[in-house]
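Participant: Kindly generate the corresponding structure for this input.
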Amino acid sequence: MPTATLDDRAIISVTGADAEHFLQNILTTDLDALEAGAAKPGALLSPQGKILFDFLISRDGAGGFVLDCRADITDDFLRRLMLYRLRAKVEIAKRDQGVVTVAWGRDSTASRNDSADAGTDVTRLRDTRFMAEPVDRIYGTTAAPATSAADWQAFRIVSGVPESGADYALGDAFPHDVLLDQTGGVGFRKGCYVGQEVVSRMQHRGTARRRFLIASAATPLPASGTEIRAGERPIGTLGSVAGNAGLALVRIDKVKAALDDGLPITADAVTLTLAIPAWASFTLPQDPPATEEG
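Facilitator: Numbering: from 1, shown residues only. The predicted structure is shown next:
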């Protein structure tokens, strides 16, 4: 199976008697639904509901949690977690050593089961963001044999899974924008957490109008960050790009209007086809545009 070592990731551990209660009260992920062996997406939000930090969270098997996040935001993330700690009985620390590798393909589940019995220092978890093809996150102290990081990015793009930095800026997106409501990164039945009121209102009123879609074209796409237009009207931007495919953060109400009016959707004169990820449950809006949050 293909594998890639992710040099841009880091690990934060949260342990202690109050670890689960502490994280449940500030993160979007519902930890009651976090199974052993799974790495689920999540975010720490601003009070206004915008994503400040995104990550994958998993259980460490001893009552604590592992947060897999971008290496360049780790120190800021640590400081923010410490601000919320107050008197909670938790220990928050960045792991000094650790390698994150991904493996994808139909045989990854078998490989995960094999490694579980190997008695090594490797931990292998299912990345629950990916619905069509199994993906494992592999945590260890040494890098596993890897193929190509470019292949991984291409796979992530065609799977419709955006990530901050590559696809959107932290502080500028709601969880619905980046599909966390679709990938299990938001718990709508859990109690309060930071930014919960705004996110719940968007969910119940159906006011989410920006979404990531999969972009494709007959020719290679222009660079990440290129403006996407419907006719002459801007409707979004390209995120990660790999050849003829990319991720596009767009206003889906404007996409629907363009399709209804027969307007071409383009990025730097390249005609795009935009598609909702096959695993997602949302649709293009059928009603007039509603008032947006933020």
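Participant: which regions of the stretch 1-150 of the chain sit below the pLDDT cut-off?
Facilitator: 97, 107-120, 143-146 (pLDDT under 70).
Participant: change it to 50
Facilitator: Counting by pLDDT under 50, the stretch 1-150 of the chain has low-confidence residues at 110, 113-119.
Participant: which residues does Ala275 bridge with?
Facilitator: In this entry, Ala275 is beta-bridged to Ile214, by DSSP bridges.
Participant: in the one helix or strand Ile57 maps to, what's buried?
Facilitator: Using DSSP states H and E, Ile57 sits in strand 51-59. Using 16 or more other Cβ atoms under 10 Å as the test for burial, strand 51-59 gives Ile51, Leu52, Phe53, Asp54, Phe55, Leu56, Ile57, Ser58, Arg59. Where C-beta positions appear, they are placed from N, C-alpha and C, glycine not excepted.
Participant: Turn those into TSV, columns for distance to Thr147.
Facilitator: TSV is the format used below for the buried residues of strand 51-59 (distance: Cβ to Cβ, whole Å):
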residue	distance to Thr147
Ile51	30
Leu52	33
Phe53	29
Asp54	25
Phe55	25
Leu56	21
Ile57	27
Ser58	24
Arg59	29
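Participant: isn't Leu27 right next to Ala43, touching?
Facilitator: Yes - Leu27 is within contact range of Ala43, at 7.1 Å (criterion: Cβ atoms under 8 Å).
Participant: about what we covered before: I'd like to know which of the buried residues of strand 51-59 is nearest to Arg85.
Facilitator: Of all the buried residues of strand 51-59, Phe53 has the smallest distance to Arg85: 15.1 Å, by Cβ to Cβ.
Participant: Quick check: that closest one touching Ile73?
Facilitator: Yes - with contact defined as Cβ under 8 Å, Phe53 counts as touching Ile73 (6.0 Å).
Participant: And the residue nearest the centre of the chain, how close does it get to Leu180?
Facilitator: With distances taken as Cα atoms, centre = their mean, the residue of the chain nearest its centroid is Glu163 (4.8 Å). Using Cβ to Cβ, to the nearest Å, Glu163 is found at 11 Å from Leu180.
Participant: Give me the common contacts of these two.
Facilitator: Listed contacts common to Glu163 and Leu180 are Asp54; contacts here mean Cβ atoms under 8 Å, 6 or more residues apart in numbering.
Participant: Excluding covalently adjacent residues, which one is nearest to Lys173?
Facilitator: Careful, residue 173 is Ala and not Lys. Ile51 (5.3 Å; Cβ to Cβ, 6 or more residues apart in numbering).
Participant: need the contact list for the one you found.
Facilitator: Here Ile51 is in contact with Ala43, Leu44, Leu45, Ser164, Leu170, Gly171, Ala173, Phe174, Pro175, Val178 (criterion: Cβ under 8 Å, 6+ apart).
Participant: Contact partners for the second one?
Facilitator: When the contact criterion is Cβ under 8 Å, 6+ apart, the partners of Leu44 are Ile26, Leu27, Thr28, Ile51, Leu52, Phe53, Phe55, Phe77, Arg80, Leu81, Val194.
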